[in-house]
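Undergrad: coords please:
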Amino acid sequence: MFGLIGHLTSLEHAQVVARDLGYAEYADQGLDFWCSAPPVIVEDLKVTSITGQVIEGRYVESCFLPEMLATNRMKAATRKIINAMAHAQKNGINITALGGFSSIILERFNLDQLGRIRNIKLEFERFTTGNTHTAYIICRQVEQAAPKLGIDLSKATVAVCGATGDIGSAVCRWLNGRLDVAEILLIARDRQRLQNLQAELGRGKIMALDEALPKADIVVWVASMPQGVEIDPEVLKKPCLLIDGGYPKNMATKFQSPGVHVLSGGIVEHALDIDWKIMKIVNMNVPGRQLFACFAESMLLEFEAIYTNFSWGRNQITLDKMDMIGRMSIKHGFKPLML
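TA: Sure thing, here's the model as predicted:
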């Protein structure tokens with residue numbers, strides 16, 4: 001059985017959809033209540049591969065909200081994710097993906113110190129961040145969407161915002177090793193990590209965001225920021241491909257400008273319908289077919305009976321692992337969302 005640990009986009013969103021998720025008593029509660037609310041299994045799922053194989057899974061709502069990070073409630077945020085992991089394990093889920101901010105929160109802590117929740121010792125091999133599949137899908141989106149806009153990748157400058165994160169660094173490796181784009185602009189907050197990545201790649205220019213954006217033909221946005229950032233679309237090249245790999249997706253509303261093409265990054269489309277409500281609740285355009293690539297990673301691992309933390313830690317994603325998850329993705333009927 002596969003599992004998905006997710007969370008809603010804001011307190012307001014959580015209050016609106018609580019009844020649809022089956023816990024109406026949460027609908028009128030404030031942030032303090034959500035900080036103490038336990039995880040809930042809200043949906044049982046079945047997914048069919050194009051091979052004909054059928055797998056079963058469960059969606060676990062962690063009750064984490066991004067406002068917990070914005071208000072410096074890091075302990076509460078961490079507890080939400082760890083409790084959701086324990087709940088998934090207790091319910092016999094073999095491989096569970098950590099969606100949204102879940103994996104980012106765990107990167108900041110020594111998991112050995114968080115390994116026991118009451119009477120449950122967490123078995124970390126049961127969990128995956130899903131970041132390898134997300135990075136692979138974003139790279140394929142760049143590869144497939146750019147030519148449609150007349151952008152020649154061999155001559156293109158690609159800015160990666162969040163370059164030192166787990167997904168961002170993997171994207172940089174693929175851009176460097178597989179697509180051989182003309183220039184990679186590296187944007188992140190930690191300069192030492194930027195320099196380490198630059199040394200690993202053997203190239204790439206370290207730049208501030210406002211300096212990099214006017215130079216980029218393609219912007220890959222995978223920065224882990226809980227709140228949006230204001231950018232003037234007029235400074236961007238035309239055409240410009242902007243891959244919004246964050247959560248929640250909010251770039252499309254900020255860049256309503258001719259010549260700027262925003263693509264929801266890290267989203268896959270499945271060849272067959274999935275009968276579930278959660279993708280409708282998180283406002284996917286085609287909720288029966290579209291889903292987050294990180295969630296799809298746990299499905300792929302379940303299809304292939306690979307029960308291990310395929311994606312884990314920071315900066316551990318290799319091109320070989322991206323190739324491997326990519327082959328599984330194609331085999332079972334997933335493809336990158338396109339313009």
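
Undergrad: Now for the protein, the helix or strand with the poorest mean pLDDT.
TA: Least confident helix or strand, the chain: strand 116-117 with a mean of 66, by mean pLDDT, DSSP states H and E.

Undergrad: residue ranges for the strands of the stretch 151-300 of the chain, please.
TA: 157-161, 183-187, 205-206, 218-221, 240-244, 260-264, 267-270, 290-292 (DSSP state E, counting those that start in this stretch).

Undergrad: list the helices and strands the shortest one packs on?
TA: Which is strand 205-206. Here strand 205-206 touches strand 183-187, helix 191-201, going by 3 or more CB pairs under 8 Å, 6 or more residues apart in numbering; DSSP states H and E. In this view, the C-beta of every residue, glycine as well, is placed from N, C-alpha and C.

Undergrad: Run through who's touching it.
TA: Contact partners of strand 205-206, identified using CB atoms under 8 Å, 6 or more residues apart in numbering, comprise 183-187, 191, 194-195, 198.

Undergrad: Mind doing that once more with 7 Å?
TA: 183, 185-186, 194, 198 (CB atoms under 7 Å, 6 or more residues apart in numbering).

Undergrad: Redo the helices and strands packed on strand 205-206 as JSON lines? Include mean pLDDT and mean neighbour count.
TA: Formatted as JSON lines, the helices and strands packed on strand 205-206 follow (pLDDT from 0 to 100; neighbours: other CB atoms under 10 Å):
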{"stretch": "strand 183-187", "mean pLDDT": "98", "mean neighbour count": "23"}
{"stretch": "helix 191-201", "mean pLDDT": "97", "mean neighbour count": "15"}
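
Undergrad: need those in a markdown table with distance to G30, can you?
TA: A markdown table is the format used below for those (distance: least, CB to CB, whole Å):
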| stretch | distance to G30 |
| --- | --- |
| strand 183-187 | 35 |
| helix 191-201 | 36 |
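
Undergrad: what's the closest of the ones you listed to A76?
TA: Set against A76 and scored by CB to CB, the helices and strands packed on strand 205-206 come closest in helix 191-201, at 26.8 Å.

Undergrad: Tell me where the stretch 101-250 of the chain has helices.
TA: For the stretch 101-250 of the chain, applying DSSP state H, counting those that start in this stretch gives helices covering 102-107, 131-148, 166-174, 191-201, 209-212.

Undergrad: what's the most buried one of these?
TA: helix 166-174 (a mean of 26; mean count of other CB atoms under 10 Å).

Undergrad: now for it, which elements pack on it?
TA: helix 131-148, strand 157-161, helix 191-201, helix 319-331 (3 or more CB pairs under 7 Å, 6 or more residues apart in numbering; DSSP states H and E).

Undergrad: Could you dump the ones you listed into JSON lines with distance to I167 added?
TA: Below are the helices and strands packed on helix 166-174 laid out as JSON lines (distance: least, CB to CB, whole Å):
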{"stretch": "helix 131-148", "distance to I167": "5"}
{"stretch": "strand 157-161", "distance to I167": "9"}
{"stretch": "helix 191-201", "distance to I167": "13"}
{"stretch": "helix 319-331", "distance to I167": "11"}
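
Undergrad: Please identify which of the ones you listed is closest to A70.
TA: Across the helices and strands packed on helix 166-174, closest to A70 is strand 157-161 (CB to CB), at 19.2 Å.

Undergrad: picking that back up, compare the helices and strands packed on strand 205-206 and report which one is nearest to I82.
TA: If we rank the helices and strands packed on strand 205-206 by CB to CB, the stretch that ends up nearest is helix 191-201, at 25.3 Å.

Undergrad: Now tell me what touches the closest one from outside.
TA: Here helix 191-201 has contacts from 163-164, 169, 172, 176, 186, 188, 204, 206, using CB under 7 Å, 6+ apart.

Undergrad: Check the offset of that helix from the chain's centre.
TA: Counting by CA atoms, centre = their mean, to the nearest Å, helix 191-201 is centred 22 Å from the centre of its parent chain.

Undergrad: re the thing from before, for the contacts of helix 191-201, name the two members farthest from one another.
TA: N176 and A188 (15.9 Å).

Undergrad: ok, the two, which is more surrounded?
TA: In terms of neighbours (other CB atoms under 10 Å), A188 is the more surrounded of N176 and A188; the figures are 21 against 18.

Undergrad: Now do the closest residue to that one other than its chain neighbours against A223, distance only.
TA: The shortest distance from A188 to any non-neighbouring residue, by CB to CB, 6 or more residues apart in numbering, is to T164 (4.2 Å). T164 is 10 Å from A223, where distance means CB to CB, to the nearest Å.
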